[in-house]
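> Coordinates for the following, if possible.
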Amino acid sequence: MSGFVEKPEPREVPGLVHLHTGKVRDLYQNEAGDLVMVASDRISAFDWVLPTEIPDKGRTLTQLSLWWFDKLADLVPHHVLSTELPPGAPDDWAGRTLICKSLRMVPVECVARGYLTGSGLVEYNESRTVCGLALPEGLVDGSELPAPIFTPATKAAVGEHDENVSYEEIARQVGAETAAQLRQTTLAVYSRARDIARDRGIILADTKFEFGYEGETLVLADEVLTPDSSRFWPADVWEPGHPQPSFDKQYVRDWLTSPESGWDRKSEQPPPALPQHIVDATRAKYIEAYERLTGTSWS
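Okay, the predicted model is just below:
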């Protein structure tokens, strides 16, 4: 059992229809048929959406996504129409709300990996493959791959795992032409972002994208290249052979699995509230990622 510890009630805003409450984002539709995407301060770990929020997380994810959308616009169009607050929306939606095109979404998590870790490492240790792609011997946790690889996953509901699948399976599900376009675009965007991050002293180990179609045009959607959707590692301490420090919610994961939390991950009990020092440390990591990538101070 997993999912929301305390599922929030959607906000009622004149002219907006609530569509979905996700792990982090709430989706609405306005009277023009556009999507209104609101990034919350919720945080998830181990398939649970925790009862404790991380202040400024929603704004950080939104502003970083906008920065990346601008850097990638020549490679692939994005779904953002406006950052203006909808009339009547709560003041606390400011800075974390996007008005977006309503797309025909592709039901695939488009994952690009440039380094071996996470679920890819687990599969590699068993079979020397990741999503069915053969990799050379001798790789360890944190190793750079010979070249970036496209390792798609099926998109799961809240409280469930995304499932890694082969490229061939994705081609069967969405068609060979769409699968090829997803792979080509995912790897092109990853490579651009990897180089930008590297210039700022950050390794982009892996990341996931979501795409949709506007007519026949493939469009980059959802969030992009944030600490929630990507593994960012500080380049100056990168050392293959063990887990790397990262700019994400690792403080949360580590605390939840520590004796201090008192939580048994294998039980069906929901995780406890986070202590203030974990909240503060996690918020600082999100902001540090934003500042190091964009070169601007958080405010």
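> what about the residue nearest to K101 when sequence neighbours are not counted, how many neighbours?
Nearest non-adjacent residue to K101, counting by C-beta to C-beta, 6 or more residues apart in numbering: H79, 4.6 Å away. For glycine as for every other residue, the C-beta is placed from the backbone atoms N, C-alpha and C. The number of residues packed near H79 is 24, by other C-beta atoms under 10 Å.
> What are the phi and psi values at H79?
phi -100, psi 0 (degrees, to the nearest 10).
> what's the spacing between it and A89?
Using C-beta to C-beta, to the nearest Å, one obtains 19 Å as the distance from H79 to A89.
> Could you do R253 as well?
33 Å.
> Need the three-state assignment for P272.
Under DSSP: H, G, I helix; E, B strand; the rest coil, the three-state class of P272 is coil.
> residues contacting it?
Taking C-beta atoms under 8 Å, 6 or more residues apart in numbering, we find P272 in contact with 51, 261-263.
> quick one: low-confidence parts of this structure?
1-2, 156-161 (pLDDT under 70).
> Find the centremost residue of it, please.
Centroid-nearest residue in the chain, with C-alpha atoms, centre = their mean: S229, separated by 1.7 Å.
> is R104 in a bridge, and if so with what?
For R104, the beta-bridge partners under DSSP bridges are Y213.
> residue contacts, it?
By C-beta under 8 Å, 6+ apart, R104 lies in contact with 212-214.
> again, 10 Å this time
Neighbouring residues of R104 by C-beta atoms under 10 Å, 6 or more residues apart in numbering: 211-215, 219.
> Including distance to Q63 and neighbour count, could those residues go into a markdown table?
Output for the contacts of R104, formatted as a markdown table (distance: C-beta to C-beta, whole Å; neighbours: other C-beta atoms under 10 Å):
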| residue | distance to Q63 | neighbour count |
| --- | --- | --- |
| F211 | 22 | 23 |
| G212 | 22 | 19 |
| Y213 | 26 | 15 |
| E214 | 24 | 14 |
| G215 | 29 | 7 |
| V219 | 20 | 21 |
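> Sticking with V38, tell me its helix or strand.
Taking DSSP states H and E as the definition, V38 sits inside strand 35-39.
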